[in-house]
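J.: Give me coordinates for this.
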Amino acid sequence: MQRIIRWAGAVLSPRSLLALALGVAGVTSGLDESLYQEDGPAQAGSYPVFRGGVAVVRLNIAVLDSHGRPVSGLEPRDFAITEEGELRPTGHIFRPSDTPVDVAVVLDLSGSMADELDAAREAANDFAVALGAQDCLLFLPFAAKPATRAWIPGGASLPDSLSFDIGGRDRTAFNDAVLVAQREIATRRADAVGAPMGVKSAASGTCDAQSIGPENTRRELIVVISDGLDSASQVDWSTVMSNALSLDAPVVAVFAGPPPRPSSSGAVSWERLNRDRMRTLAEGTGGVYEELGRRSYRSLFERTLALMRATYVVTFTRSTESQSSLALWRDVSVRVAEAEKVLAPSGYYTESPQEAQAMVSDALGGRLLSAGSIDAAIEQLEQASRLNPISWTAPFELARAYWMRGQTNEALLAALKATAARPGSGHAVAARLAANLGRFEVAVEQAIRAQQAGENVGSLVEEIAALSLESVPADVQDRLSAPRVFLASSTADTPQSFFVARRVDAELARQASDSPMLGLVKDRSIADFMVWFDVEAGYRAGGLRGVVRLNRPEHIDQPTNLENQPRNRERPESNRSRTLEQLDRSKNLPTLSTRTESPLLARLRRWTIESWRLELTQAPTDEEVRTTVEPIVASLAAWLKEHSG
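T.: Numbers count the residues shown, from 1 in each chain. Down below sits the predicted model:
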């Protein structure tokens with residue numbers, strides 16, 4: 001029997017209700033489709049099935065002399081690679097002169113940076129002309145969204161047909177744009193090792209996927225030019241940084257914003273944090289961090305060319321211990337005979353082949369789905385979800401694919417998995433899918449979480465109550481007015497600590513979303529409170545320590561460039577009285593005395609409202625992370641209930 005739900009006076013069948021939920025005509029999953037759609041055709045056929053256990057590690061290593069010039073003619077014996085202090089035999093070496101390069105240029109054109117379009121495009125055009133004929137360039141401008149992407153051959157000018165459809169320039173999707181570049185690099189790497197993708201991933205000539213074969217090992221480089229501000233992305237910083245460390249593609253990160261400066265209120269803007277993140281993105285991948293300042297785009301691209309001409313691809317075999325170890329991160333150091341400067345990653349993530357392969361399957365699944373190859377898309381997206389269980393993008397796309405194939409129950413399960421992986425997002429879609437199936441208790445729970453998170457669910461709770469009053473909890477009004485909490489990314493400052501801190505962030509988000517009296521939001525501007533994991537500097541052999549801190553969002557000022565900020569949104573009126581303004585911010589709280597503090601972090605620590613200590617082992621199990629975070633979230637919820645009235 002088909003269930004009918006009334007929506008704002010209209011009678012909707014389950015399929016039309018789901019169409020409303022998913023935004024059909026071009027069915028979306030609540031995500032910006034520009035992250036997943038491609039211009040090139042996708043065809044059903046033979047697609048790669050990945051398996052873990054890869055024992056060979058590849059490194060991009062740039063070698064320069066004392067004058068900053070590329071060092072050529074190096075042999076495997078010239079490289080000394082140590083893993084966790086143990087010298088490893090060098091495997092294959094691919095020289096710059098023999099190895100084409102795929103380079104993605106990610107250019108921020110939002111806000112005041114839009115004034116630089118002509119100068120940046122002219123310099124990028126000269127850069128494209130200077131590339132070799134076998135090299136490939138992805139020119140990716142972005143503002144509120146990344147432009148449609150197309151790989152173009154080197155040695156020629158940028159085509160006039162390049163897309164500049166980047167959305168409104170008053171918002172910035174920094175994370176989304178970098179993610180697109182990472183996915184493109186990962187997908188082309190799969191092409192290069194002979195994966196029969198059958199997907200055209202480039203515009204023309206030598207840069208289409210079919211022309212890349214096993215004999216054509218390629219180097220990679222991502223150039224990011226931005227002030228690092230993000231106000232419109234679907235993905236968060238943790239996803240971008242995780243992909244960067246897994247992918248091993250060097251990043252040239254160019255900070256193009258104004259110098260950070262304190263505000264009149266004494267708080268410090270996001271600009272310093274954005275700059276520090278861009279520096280981490282570059283240094284963590286063995287790349288280069290630069291500040292544009294008074295330098296021209298032309299000189300920037302000239303230095304980028306020099307770096308490319310100095311970069312070798314070198315492989316080595318992982319140690320037996322690393323292949324069986326639970327440790328996520330392995331320290332690597334590289335020395336090159338008679339070289340003045342060597343740029344290389346400081347280590348590698350032991351699961352990076354699996355996670356990078358998941359990124360490829362995820363991107364390919366999105367392409368296939370956009371092209372209407374639903375069965376092939378589901379195969380790839382299911383594989384991505386298996387390879388990277390904490391991914392949220394693949395389950396979201398799976399929900400969309402299952403619905404298109406008429407499998408509503410499977411679509412709901414995938415949507416619920418996505419909301420579990422990224423709490424605070426996609427709850428409205430899950431709510432409507434559950435209502436469509438008559439699973440009203442699930443629908444109400446997801447609708448409540450959606451409204452707590454600031455998603456637009458209309459009168460869905462009331463509509464479900466009219467059909468199944470017993471499904472609506474008695475405390476629904478209290479839950480809908482629960483304090484809204486924004487979870488900021490942790491302050492992990494090394495690749496070693498990042499992967500454990502990332503798991504803490506994910507568990508904090510999951511448990512905060514599961515807590516009935518907390519509303520987890522993705523937009524800081526509508527939050528009542530901000531929670532963040534302040535990681536103690538360094539990654540000690542005994543584990544990871546830090547402090548989970550509670551702040552007010554206004555403790556961080558708006559960035560100087562206000563044009564890049566989203567419009568202030570009105571929040572629903574709440575009957576809760578606010579008492580936090582009277583709290584003494586100077587009370588004695590745990591401090592991390594070993595850290596060299598940035599002004600931003602120092603002020604946030606001083607203005608901390610409440611805090612909780614957290615300590616984990618070096619390679620914690622999921623159960624250890626869960627049981628460690630659980631009492632902290634319970635205490636947080638109790639504290640907010642007591643002080644929020």
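J.: from here on, contacts and neighbour counts on C-alpha atoms
T.: Noted.
J.: Return the per-residue confidence for Leu292.
T.: Predicted confidence (pLDDT) for Leu292: 83.
J.: How many residues are close by the closest residue to it other than its chain neighbours?
T.: Spatial nearest neighbour of Leu292, chain neighbours left out: Ala256 (5.1 Å); criterion: CA to CA, 6 or more residues apart in numbering. A total of 19 residues lie near Ala256 under the criterion other CA atoms under 10 Å.
J.: Check Leu64 too.
T.: Neighbour number of Leu64 under other CA under 10 Å is 23.
J.: do the same with the one 5 residues further on
T.: The number of residues packed near Arg69 is 16, by other CA under 10 Å.
J.: Check the gap between it and Phe174 for me.
T.: For Arg69, the distance to Phe174 (CA to CA, to the nearest Å) stands at 31 Å.
J.: if we can go back for a sec, correct me, but the residue nearest to Leu292 touches Ser226?
T.: Yes - the criterion here is CA atoms under 8 Å, and Ala256 meets it with Ser226 at 5.2 Å.
J.: so what does the longest helix seen in the chain touch, helix or strand wise?
T.: Longest helix in the chain, counting residues (DSSP state H): helix 622-644. For helix 622-644, the elements it packs on are helix 495-514, strand 610-616, judged by 3 or more CA pairs under 8 Å, 6 or more residues apart in numbering; DSSP states H and E.
J.: right, so of those, which gets closest to Gly365?
T.: helix 495-514 (24.2 Å; CA to CA).
J.: contacting residues around that closest one?
T.: Helix 495-514 is touched from outside by 238, 242, 245, 284, 328-330, 347, 420-424, 449, 487, 489-490, 492, 518-520, 533, 535, 538-539, 544, 618-620, 625-626, 629-630, 633, with contacts defined as CA atoms under 8 Å, 6 or more residues apart in numbering.
J.: Report the inter-axis angle for that helix versus strand 610-616.
T.: Going by axes from the mean of the first three to the mean of the last three CA atoms, to 10 degrees, helix 495-514 is angled at 130 degrees with respect to strand 610-616.
J.: residues of the strand or helix carrying Ser299 that come out buried?
T.: Assigned by DSSP states H and E, Ser299 belongs to helix 297-308. Buried residues in helix 297-308, counted by 16 or more other CA atoms under 10 Å: Tyr297, Arg298, Leu300, Phe301, Thr304, Leu307, Met308.
J.: try stretch 236-251
T.: Applying 16+ other CA under 10 Å to stretch 236-251 flags 236-238, 240-251 as buried.
J.: I'd assumed Glu397 was in contact with Ala418.
T.: No - the criterion here is CA under 8 Å, and Ala418 misses it with Glu397 at 9.1 Å.
J.: how distant is stretch 632-645 from the center of its chain?
T.: 29 Å (CA atoms, centre = their mean, to the nearest Å).
J.: One more: stretch 119-134?
T.: 28 Å.
J.: For it, give me every contacting residue.
T.: 100-101, 137, 153-158, 206-207, 297-298, 301-302, 305.
J.: Which one among those residues sits at the bottom for pLDDT?
T.: Thr206 (55).
J.: picking that back up, how far is the longest helix of the chain from where the chain is centred?
T.: Mean-position distance between helix 622-644 and its chain equals 25 Å (CA atoms, centre = their mean).
J.: Would you mark the buried spots in it?
T.: Val625, Arg626, Thr628, Val629, Glu630, Ile632, Val633, Leu636, Ala637, Leu640.
J.: That helix to strand 610-616, inter-axis angle?
T.: Angle, helix 622-644 to strand 610-616, by the same axes, to 10 degrees: 180 degrees.
J.: Now helix 622-644 - C-alpha only, CSV.
T.: The C-alpha trace of helix 622-644 is given here as CSV (Å, rounded to 0.1, in the frame of the first residue of the first chain):
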residue,chain,number,x,y,z
ASP,A,622,37.4,2.7,17.6
GLU,A,623,36.2,1.6,21.0
GLU,A,624,38.9,3.5,22.8
VAL,A,625,38.0,6.7,21.0
ARG,A,626,34.3,6.2,21.6
THR,A,627,34.6,5.5,25.4
THR,A,628,37.1,8.4,25.8
VAL,A,629,34.8,10.9,24.0
GLU,A,630,31.5,9.7,25.5
PRO,A,631,31.8,11.2,29.0
ILE,A,632,33.1,14.5,27.6
VAL,A,633,30.0,14.9,25.4
ALA,A,634,27.8,13.9,28.3
SER,A,635,29.4,16.5,30.5
LEU,A,636,29.2,19.1,27.7
ALA,A,637,25.5,18.5,27.3
ALA,A,638,24.9,18.6,31.1
TRP,A,639,26.9,21.8,31.4
LEU,A,640,25.0,23.5,28.6
LYS,A,641,21.7,22.4,30.0
GLU,A,642,22.6,23.9,33.4
HIS,A,643,23.9,27.2,32.1
SER,A,644,21.5,27.8,29.2
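J.: in which helix or strand would I find Ile93?
T.: Here Ile93 is assigned to strand 90-94, by DSSP H and E.
J.: tell me the mean pLDDT for that strand?
T.: Here the average pLDDT along strand 90-94 is 90.
J.: mind listing the helices for the stretch 301-450 of the chain?
T.: Assigned by DSSP state H, counting those that start in this stretch, the stretch 301-450 of the chain shows helices spanning 320-324, 352-370, 374-387, 393-404, 408-421, 427-436, 440-452.
J.: So which of the buried residues of stretch 236-251 sit within helices?
T.: Trp237, Ser238, Val240, Met241, Ser242, Asn243, Ala244, Leu245, Ser246, Leu247.
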